[in-house]
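*Asks:* Structure, please.
(2 chains)
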Amino acid sequence: MSKFRLLSVIVVVAMILTACAPAATPAAPAPAQPTTPPEPIQAAPTTAPAAPTSAPAQTAQTGGQLPEIVVACWSGPEHDNLVKLAAAYTEKTGNKVIVEEIARESYADKLTTTFIAGGSDYDVAYVSSDWPPAWIKANALQDLDQFINDPAVVDKDFDLKNYEPAIDSFKFDGKVYAFPSEGDTAWMWYRKDLLEAKGIKVPETWDEYLAAAKALNNPPEIYGAVIGAKPDEALWDFMFYLFSFGGDVLDKDFKPIINNEAGVAALTFYSDLLRKEKVVPPDVNTYGYNEILTALQEGKTALGIQWMAATQTLTDCTQSPKVCKDGQPLLGYTFVPDYKKPDGSVVEGTGGSSWGWVIPTGAKNPMAAYKFIEWLTGPEGGKQWALNGGIPSNQLVLTDPEVVEQIPQFKMLGEVMPIRHLVPPTTVTGEMVTAIDEAIVAAVTGTQDPKAALDECAAKMTDLLTQAGYIQ
Amino acid sequence: MSTIEVATSRPQRTRRHWKHQLEPALYIAPAFLVLIVILIYPLGYSFWLSFHEWTLRGFVNGVPWVGLQNYISLVSNPDFINSLRLTFTFVICALAIEFALGMGLALLLNHNLKGKGIIRSMILLPMMCTNVVIGLTWRLLFNYEFGIINYYLSQLNLPRVEWLSVPSLAMTSVIIVDVWNTTSFVALMLLAGLQSLPDEPFEAARIDGASSWQTFTNLTLPLLRQSILVALLWRLIDTFRIFDVVYLLTAGGPARATETVSIYIYTHGFKSFNLGYASSASYAMILIMLVIAGFLARSIGRSSD
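*Replies:* You can find the predicted model right below:
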């Protein structure tokens, strides 16, 4: 019987050890050579030489066939667009491109674990501008200067100036780490037919937005508005409220100001849409980009803030037939509302994101990867990207007459750019975003009031920024 | 001659002895090496990490030794304590329901029912699904607007339920999914136990005029003790480390209402990339599981004596 007992104990221990191993066993990244004490990475270019650079560009064989590359992209319109462009690139050059689609929820985690472990899974990845600082600090990205400065590799017509100003979001310590692709924002979407039927004008301020949402709210058939407070995506929806209320994440000295008066007013308005006014679906804390898109497509909401990347989907009657009539879309879009302060003054501001294409240090074929992203973001690929619904950052594309004529939202984007804010790129942005997400969800679910939630969040951010050396 | 034979055979015997000793070791060496690489090394490395500070922003500059600091931070962190509380709530509720339903199913299947084979196959279906499929499917089923559960509730003129978006209900929803998924496993384990029970005590009870309830409580349950403990032990380990279903259904939300220890570790390990801290949380989890599982394993041993 003691044998049975022993066997039981062995089985139990083995099962537990096996069960628990993955939770705490990252692929062990080999620590790189210790350098000087950590310094925060600044988006603005400086002279300090920093981080990465793996092997320099391979000998350019631009005339011949390049090796196959694998490109990582998250699910959504960008992925669908990329698949089309990869096929076009292969057809033009004969160079094979494999596109790997990764779920949005786990995208950043997947890339981070792969990159810092020096993994060679991907040659190119589509990334948000707030992710690279931590990766650069971990020597996980290749700078693109090594290719740009190599005449044997770079295209003869290539000019980095065409990427301005978006390229600034991807310059760290004076080096370029990505070619920008999507420099976007969100629009306020509204049901033209419903507003007309009620004689309500398109909202221009948040007060008007709320009034319209209340007037059109008729659950469960249709809700007045929609928000997306899913734990992983909350900030990417709330940011439009935050910035338009005049709030921000950090001040110029990296001190958290998300809990200032404007921030609290924004989160109060945002959470009240559910808790007090009840004009949004009750389960909005399970909503992210996809769920908001579905709510708009299915005609379940009359108003909403949604990223401009969704424009083609929402205005295409084959993709969104329920919000079309006689072949015309019922959804209209305009700028995110302004905030009218109690003293009557109006605050303008909006959020956005900047996305680009990076080459990780572990890439198997960095030169082939570079040639692909150079084409993808250049005049030819960029134009196709735009005409397929993407938002290029190349000035040659943005000013292309055909593009301008076909895609009116680019003109609107140009108007928004001066008041557009981004989440600040730091080495601890990922952790700060998690803290902000928690505060938003706490306020929306009612477990904390907006002020307390943001105060706690600001305290966490201060700790993080102090540890990372941004705050002394 | 015989002296010479003895003298030469001694080294041969020694060689043969060593060969006998080494041969099995060589056979298992490849498997053992694989085990070291995929299990022992990661476990050892994560244990080492739990005493060091490993952060994404700092690891290139070295991984400093911090002693027990990660463990001290862990036990003083209310979020970790909350995740432990939630994990125990989940484990106790899920296990209790799965055991009650599993026992009922096992008793039912132990009788000569018509279509027993079909029923047995049917109840196995949830077990055959991967957890990712289960999580995604139930997320759709629980969807407030478009989910089929709320659709049928509304058809019955009942109010729609916010299954996953209300903190007070989210854990219940996760428990429902786990019960759906694994009750059949408990039932099968108990059924195997029931079918191995001797007939004689039951016949004697019947002759003595014992009621069904008396037979169940005084005979079936005590005789089934070992199978029950094995099933509970197995499920305890599984439920304690549950991750994928919770992640897909709620990702630990809303407002940390379903943040079990595994989700907590994932958040700190792969969102914040504070691997030292996450490793210490993993080892705390292992320790707790070892204590509980050890207790249960001991009970199994006792019951088999």
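
*Asks:* and residue B:164, what does it touch?
*Replies:* Residues near residue B:164 by C-beta atoms under 8 Å, 6 or more residues apart in numbering or on different chains: A:283, A:286, B:139, B:142, B:144, B:170, B:173, B:249, B:250, B:254. Every C-beta, even on glycine, is put in place using the N, C-alpha and C of the backbone.

*Asks:* Going along the chain, name the strands of chain B.
*Replies:* Using DSSP state E, chain B contains no strands.

*Asks:* And stretch B:206-224, what's buried?
*Replies:* B:210, B:215, B:219, B:220, B:223, B:224 (16 or more other C-beta atoms under 10 Å in any protein chain shown).

*Asks:* Which of the contacts of residue B:164 fall in helices?
*Replies:* Secondary structure from DSSP state H places B:139, B:170, B:173, B:249 of the contacts of residue B:164 in helices.

*Asks:* I'd like those residues laid out as JSON lines, including neighbour count.
*Replies:* Below are those laid out as JSON lines (neighbours: other C-beta atoms under 10 Å in any protein chain shown):
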{"residue": "B:139", "neighbour count": "19"}
{"residue": "B:170", "neighbour count": "27"}
{"residue": "B:173", "neighbour count": "23"}
{"residue": "B:249", "neighbour count": "24"}
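
*Asks:* Can you tell me which of these is nearest residue A:341?
*Replies:* residue B:170 (37.0 Å; C-beta to C-beta).

*Asks:* Hmm, residue A:317 and residue A:329 touching each other?
*Replies:* Yes. Contact criterion C-beta atoms under 8 Å: residue A:329 and residue A:317 qualify, at 6.3 Å.

*Asks:* So which of the buried residues of stretch B:206-224 belong to helices?
*Replies:* B:215, B:223.

*Asks:* As CSV, the buried residues of stretch B:206-224 with distance to chain A would be great.
*Replies:* Converted to CSV, the buried residues of stretch B:206-224 look like this (distance: C-beta to the nearest C-beta, whole Å):
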residue, distance to chain A
B:210, 29
B:215, 27
B:219, 22
B:220, 22
B:223, 17
B:224, 17
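
*Asks:* Can you tell me which of the buried residues of stretch B:206-224 is closest to residue B:279?
*Replies:* residue B:224 (39.4 Å).

*Asks:* Per-residue pLDDT of the closest one, please?
*Replies:* Looking at residue B:224, its pLDDT stands at 92.

*Asks:* Can you get me a residue count around residue 205?
*Replies:* Picking chain A for this. 15 (other C-beta atoms under 10 Å in any protein chain shown).

*Asks:* not what I meant, chain B
*Replies:* 17.

*Asks:* go on, residue A:148?
*Replies:* Residue A:148, neighbours per other C-beta under 10 Å, totals 19.

*Asks:* so what's it closest to, chain neighbours aside?
*Replies:* residue A:154 (5.5 Å; C-beta to C-beta, 6 or more residues apart in numbering or on different chains).

*Asks:* and what of residue A:307?
*Replies:* Per C-beta to C-beta, 6+ apart, closest to residue A:307 is residue A:186, 4.9 Å.

*Asks:* Next: residue A:142.
*Replies:* residue A:359 is the one closest to residue A:142 (C-beta to C-beta, 6+ apart), at 4.6 Å.

*Asks:* any idea of the pLDDT on the one you found?
*Replies:* According to the model, residue A:359 scores 97 on pLDDT.

*Asks:* correct me, but it touches residue A:372?
*Replies:* No. Using C-beta under 8 Å, residue A:359 is not in contact with residue A:372; the gap is 9.6 Å.

*Asks:* Show me which residues of the stretch 301-450 of chain A sit near chain B.
*Replies:* Contact residues of the stretch 301-450 of chain A with respect to chain B, defined by C-beta under 8 Å from any C-beta of the partner chain, are listed as A:427, A:428, A:430, A:431, A:434, A:438, A:441, A:442, A:444, A:445, A:447, A:448.

*Asks:* In ChimeraX, how would I select the buried members of the residues you listed?
*Replies:* Listed next is the ChimeraX selection for buried residues among those, using 16+ other C-beta under 10 Å:
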select /A:427,428,430,431,434,438,441,442,444,445,448
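
*Asks:* Redo the residues of the stretch 301-450 of chain A next to chain B as a markdown table? Include pLDDT and secondary structure.
*Replies:* Output for those, formatted as a markdown table (pLDDT from 0 to 100; DSSP: H, G, I helix; E, B strand; the rest coil):
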| residue | pLDDT | secondary structure |
| --- | --- | --- |
| A:427 | 87 | coil |
| A:428 | 89 | coil |
| A:430 | 86 | helix |
| A:431 | 88 | helix |
| A:434 | 90 | helix |
| A:438 | 93 | helix |
| A:441 | 95 | helix |
| A:442 | 94 | helix |
| A:444 | 95 | helix |
| A:445 | 93 | helix |
| A:447 | 92 | coil |
| A:448 | 94 | coil |
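
*Asks:* Among the residues of the stretch 301-450 of chain A next to chain B, which one lies nearest to residue B:35?
*Replies:* For these, the nearest to residue B:35 is residue A:430 (34.1 Å; C-beta to C-beta).

*Asks:* contacting residues for that closest one?
*Replies:* Applying C-beta under 8 Å, 6+ apart, the residues contacting residue A:430 are A:108, A:112, A:130, A:131, A:134, B:56, B:271, B:272, B:273.

*Asks:* Let's see that with 10 Å instead.
*Replies:* By C-beta atoms under 10 Å, 6 or more residues apart in numbering or on different chains, the contact list for residue A:430 reads A:108-109, A:112, A:130-131, A:133-134, A:464, B:56-57, B:271-273.

*Asks:* follow-up on the earlier one: what two of the buried residues of stretch B:206-224 are the furthest from one another?
*Replies:* B:210 and B:224 (16.3 Å).

*Asks:* coming back round to it: now for the contacts of residue A:430: which two are most distant?
*Replies:* Across the contacts of residue A:430 (C-beta to C-beta), the longest gap, 17.7 Å, separates A:109 and A:464.

*Asks:* the more surrounded of these two?
*Replies:* residue A:464 (23 against 18).

*Asks:* ok, and the closest non-adjacent residue to that one?
*Replies:* Residue A:464 sits nearest to residue A:428 (C-beta to C-beta, 6+ apart), 4.4 Å away.

*Asks:* do residue A:427 as well
*Replies:* residue B:57 (4.2 Å).

*Asks:* And for residue A:346?
*Replies:* residue A:338 (4.9 Å).

*Asks:* contacting residues around that neighbour?
*Replies:* Residue A:338 neighbours (C-beta under 10 Å, 6+ apart): A:203-209, A:244-246, A:346-350, A:419.

*Asks:* how about 8 Å then?
*Replies:* Taking C-beta under 8 Å, 6+ apart, we find residue A:338 in contact with A:204, A:205, A:206, A:244, A:346, A:347, A:348.

*Asks:* what helix or strand is residue A:357 on?
*Replies:* Residue A:357 is part of strand A:353-358 when elements are defined by DSSP states H and E.

*Asks:* Can you spell out which helices and strands pack onto that strand?
*Replies:* strand A:124-128, strand A:179-184, helix A:366-377 (3 or more C-beta pairs under 8 Å, 6 or more residues apart in numbering or on different chains; DSSP states H and E).
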